[in-house]
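Enquirer: how would this look folded up:
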Amino acid sequence: MKKKLFTLGLIAVFAAGAMFMMTGCGEKAPYSGYNFDEYVKVGEYKGLEYKEIKVSVSDAEVEKEIKDRLKGASETVAVEEGIVEDGDVINVAFEGKIDGKTFEGGSSDSYDITVGTTPMIDGFVEGLVGKEVGETVTLDLQFPEDYGKEDLNGKDVVFTVTINSKKVEKIPEYNLDFVKSNSKYESLADYEAAVKEELLAEKREEKETDVQGVLWEQIVEDSELIKYPEEKNEMMDTTLNSFKTAAANAGKEWDAYLKELGYTEEELMTQITSYAETKVFQELIIYAIADAEGLEVTNEEYEAYMQDVLTQSGYDEESFEQYYGTTIEEYCKQEGLRSSMLLNKVMDKVMEYAKTK
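Expert: Numbering: from 1, shown residues only. I've put the predicted structure just below:
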């Protein structure tokens, strides 16, 4: 199980939809070569106390997880039996006749219909609900007056429809064959024990992340800023520019864009300043602790995590750039990935020093 990334719990200073672009400073690692004593007095991070983490997993939770996995391994197959119900995807063959004659576009040997969703003339789909797969149904219907084709508008039509099949979700049975095909285990008991351990690990990680969040807040609260580095001004400039770029991309004048956001320029700058100060202060604490403890994120670790982000997004580098309009490298820099990775290492170290109440 891949460890989750514990990220900065920054104060939200904008309404939903506003996005800040978090940038690094040049190609070097952030805050390189700093004497952090000149910028921040870090609060105590050793020997912090937290309530002992206790988690449990019930048999019912294991059973539910296995059912979810079975459902996740299901396949959609076409069957030639059953009753047509609302929401079903069915395949039909149909022939339409007006005054006993077929007409262009009125027939098909194979046509998929999602009952309740696929648009057809009134009565067509409704006339199939409750019928058996394999059944042939005759439907006496009428095209709407405004159907859009002069030779069909308002005409009576008879459709002969054969329901060829319907698609159903085939969920595999929970048995030894499933276990052997989807895991390394050779018995149901071993598989269920492994599922339980995985659920326990997930719960433990969630609880640990919560604990880390509380401890991080405590460290931040006990820390004191001495002065801001140049990164604060750089972040403010970059954030303001990101808003102006968004306005330009939307084809809007700056004043009109601000009005749409609901801010004056002065109010926007107040929020940007608050954001930059909060983030830089927290980053100073991260990098100061990392410096004191000899922690770092190597280029190899950073590049590997970038590739994980790319893989999880379902894109390759070229398609990612086409979709997001930026490279994966720039995206990860903007999202402050390196700082988040370093924060994870810092909080792991804090947990090593911490003790339970």
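Enquirer: which residues touch Lys180?
Expert: Glu186 (Cβ atoms under 8 Å, 6 or more residues apart in numbering). Every residue, glycine included, has its C-beta placed from N, CA and C.
Enquirer: host element of it?
Expert: Per DSSP states H and E: Lys180 is located in helix 176-182.
Enquirer: figure out how far the helix or strand containing Val195 is from the centre of its chain.
Expert: Using DSSP H and E, Val195 sits in helix 188-222. Relative to its chain's centre, helix 188-222 lies at 20 Å (Cα atoms, centre = their mean, to the nearest Å).
Enquirer: list the buried residues for it?
Expert: 191-192, 195-196, 199, 203, 205, 207-209, 211-212, 215-216, 218-220 (16 or more other Cβ atoms under 10 Å).
Enquirer: low-confidence stretches in this protein?
Expert: Applying pLDDT under 70 to the chain flags residues 1-29.
Enquirer: contacts only, for the most centrally placed residue in it.
Expert: Nearest to the mean C-alpha position of the chain, by Cα atoms, centre = their mean, lies Ser313 at 8.7 Å. Neighbour list for Ser313: Phe320 [criterion: Cβ under 8 Å, 6+ apart].
Enquirer: what do you get for Ala290?
Expert: Taking Cβ under 8 Å, 6+ apart as the test, what Ala290 contacts is 296, 342, 345-346.
Enquirer: any idea how far Asp68 is from it?
Expert: 39 Å (Cβ to Cβ, to the nearest Å).
Enquirer: give me the contacts around the host helix or strand of Asp109.
Expert: Per DSSP H and E: Asp109 is located in strand 101-114. Strand 101-114 has contacts (Cβ under 8 Å, 6+ apart) with 87-98, 118, 120, 125, 128, 151-152, 157, 159, 164.
Enquirer: strands of this structure, residue ranges please.
Expert: For the chain, the strands defined by DSSP state E cover 40-41, 49-50, 75-79, 89-98, 101-114, 136-142, 156-170, 224-225, 355-356.
Enquirer: what helices and strands are in contact with the first one?
Expert: Secondary-structure packing of strand 40-41 (3 or more Cβ pairs under 8 Å, 6 or more residues apart in numbering; DSSP states H and E): strand 224-225, helix 265-293.
Enquirer: most tightly packed of the ones you listed?
Expert: Mean neighbour count (mean count of other Cβ atoms under 10 Å) peaks for helix 265-293 among those, with a mean of 18.
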